[in-house]
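Visitor: everything below, folded, please.
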Amino acid sequence: MLAAPHDGEEDAWGDEDGTSQLAGATENERHRDGAKPANAALRHRLQSSREASSSRTVEQQPRGAYTLQAYSLGCLGHYVQELLEVGKEVLPLLPPDAKASLLAIARRQRLIDDSALDLLTDSSWTCLDLSDSIITDSAVQTALGRTPQLLSLDLTGCKVSQQTIRLLGSWCPQLQVLRIGTTDVSESHIWAVGLKHIMPTVIQVENVMDSWEVLASEDQGTAVHSPSGQNVSRSGSYSRLTKLEYLSWPQMPNKTAQLLAHKFPKVVVNPKPGLCPEQANPAIAVDEPLILSVAPFWEQEQLLVPVKDEYVVPLSEKFRMAYVSRAERVAAKAERNYQQRVRRKLRNDTVLQALARFKFL
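Guide: This next block holds a predicted model:
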């Protein structure tokens, strides 16, 4: 493994994209042609603006319209709690992708229990996220036994037994990404002991294989076929996760981390977000693609509300309104004039003044 250059040192191989070599070549050509080199600050601002515009273009790509299936899943997800309570006859009839999306929604609402997991589990799933779900060990065993095609599995925060961990290789032989983790010391010990029996490792057998074809044609389960016809157990009575590539355990004990790095170097432990595929990225949930395929229910409510067109006042109505407003203004002015004449007449006539005093007294 090549060490990265220290700060202040130049990489002998240059930058990864070769920009430094190209920039140097361009400057040399400019000096050789006799042209004056451009301002370094100006070039830096232009490059920064281009990078910012390209990043904005990538980040602000318009999201396409949701499909009818996405809106249907959004409506079902809005009432997922009611469906889990009364839809026991309907939920098993849904398509596998619909059940996977409903399970992802229920997990985020903390609605997954043993019955919900039993209703929604499908054998064609390739990913299963049960992180922080309140389920029993028997429910986990039942779900894993029904999903032999799993490629990604998240059991973070789930309480499982030693038997469940050791049977992962038999239930999910295609598993490539495994996420675990718990704050309980006893649970951490169970995982530390169980991982030694399921992690892929180099198998040594007493008899030497005749050829690579014999080794390649063997079953990836628990037995290795020797030339004599006898079966040699790989790991006792349990199978290993021979295709496991990434293991995520955020709070892994130091002793366990050293053991895994020494005995099982094939598996990448706690992969970094930028150095692993999306399905192994610890910053992205395993069921995140399923959630992205569901339309938010608030958008559906907006679609249900009819859009009212802006009312355009006809020209004749404008004339009528103008005439009515003018008539009201003229009537108000006439009333004010009449009241003004009455007050003037009252000031000039003594008889009316006396009557007014008598009336008010």
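
Visitor: next secondary structure after the least confident helix or strand in the chain by mean pLDDT?
Guide: Lowest on mean pLDDT, DSSP states H and E among the helices and strands of the chain sits strand 231-233, with a mean of 36. Under the assignment DSSP states H and E, the closest C-terminal helix or strand after strand 231-233 is strand 246-248.

Visitor: so what strands line up beside that following strand?
Guide: Strand 246-248 has these partner strands in its sheet, going by DSSP bridges: strand 177-179 (parallel), strand 268-269 (parallel).

Visitor: need the contact partners of the first one.
Guide: The list of residues contacting strand 177-179 from outside it, by Cβ atoms under 8 Å, 6 or more residues apart in numbering, reads 131, 151-156, 168, 241, 244-249, 279-280, 282, 286. C-betas here are computed from N, CA, C, even on glycine.

Visitor: any idea which of the strands paired with strand 246-248 is most buried?
Guide: strand 177-179 (a mean of 23; mean count of other Cβ atoms under 10 Å).

Visitor: quick one: mean pLDDT over that strand.
Guide: What strand 177-179 shows for mean pLDDT is 94.

Visitor: endpoints of stretch 145-154, how far apart?
Guide: End-to-end span of stretch 145-154 (Cα to Cα, to the nearest Å): 15 Å.

Visitor: and that stretch, what's buried?
Guide: Across stretch 145-154, burial judged by 16 or more other Cβ atoms under 10 Å covers 146-147, 150-154.

Visitor: got it, and stretch 177-193?
Guide: 177-182, 187-188, 190-192.

Visitor: returning to that earlier point: of the buried residues of stretch 145-154, which belong to strands?
Guide: Judged by DSSP state E, the buried residues of stretch 145-154 include 152-154 as members of strands.

Visitor: turn those residues into a markdown table, including distance to Lys318 and pLDDT.
Guide: A markdown table is the format used below for those (distance: Cβ to Cβ, whole Å; pLDDT from 0 to 100):
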| residue | distance to Lys318 | pLDDT |
| --- | --- | --- |
| Ser152 | 66 | 95 |
| Leu153 | 69 | 95 |
| Asp154 | 66 | 94 |
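
Visitor: sorry, back to before: looking at the buried residues of stretch 145-154, spot the one nearest Lys196.
Guide: Ranked by distance to Lys196 (Cβ to Cβ), the buried residues of stretch 145-154 are led by Leu153 at 18.1 Å.

Visitor: from Thr182, how far out is the closest one?
Guide: Using Cβ to Cβ, to the nearest Å, Leu153 is found at 15 Å from Thr182.

Visitor: apart from its neighbours in sequence, what residue is nearest Val268?
Guide: In space, and not counting its chain neighbours, Val268 is closest to Tyr246: 5.1 Å by Cβ to Cβ, 6 or more residues apart in numbering.

Visitor: name the SS class of Ser124, please.
Guide: Here Ser124 is recorded as coil under DSSP: H, G, I helix; E, B strand; the rest coil.

Visitor: how far away is it from Gln353?
Guide: For Ser124, the distance to Gln353 (Cβ to Cβ) stands at 103 Å.

Visitor: kindly report the same for Gln109.
Guide: 83 Å.

Visitor: can you check Asp114 too?
Guide: For Asp114 relative to Gln353 (Cβ to Cβ), the value is 97 Å.

Visitor: the more surrounded of these two?
Guide: Set Asp114 next to Gln353 and count neighbours by other Cβ atoms under 10 Å: Asp114 wins out with 16 against 12.

Visitor: from Gly274, how far off is the more buried one?
Guide: 38 Å.

Visitor: same question, Ala334
Guide: The value you get for Ala334 to Gly274, if Cβ to Cβ is used, is 82 Å.

Visitor: check Ala322 too.
Guide: Ala322 sits at a distance of 68 Å from Gly274 (criterion: Cβ to Cβ).

Visitor: what does Phe358 give?
Guide: Distance from Phe358 to Gly274, by Cβ to Cβ: 99 Å.

Visitor: contacts for stretch 316-323?
Guide: Here stretch 316-323 has contacts from Val313, using Cβ under 8 Å, 6+ apart.

Visitor: go on, stretch 344-359?
Guide: Counting by Cβ under 8 Å, 6+ apart, no residue outside stretch 344-359 touches it.

Visitor: over to stretch 131-147?
Guide: Contacts with stretch 131-147, where a contact means Cβ under 8 Å, 6+ apart, come from 107, 110, 112-114, 117-118, 121-123, 125, 128, 130, 150, 153-161, 163-164, 167-168, 171-172, 179, 285-286.

Visitor: how about 6 Å then?
Guide: Defining contact as Cβ atoms under 6 Å, 6 or more residues apart in numbering, one finds that stretch 131-147 is touched by 112, 114, 117, 121, 123, 125, 154, 156-157, 160-161, 164, 171.
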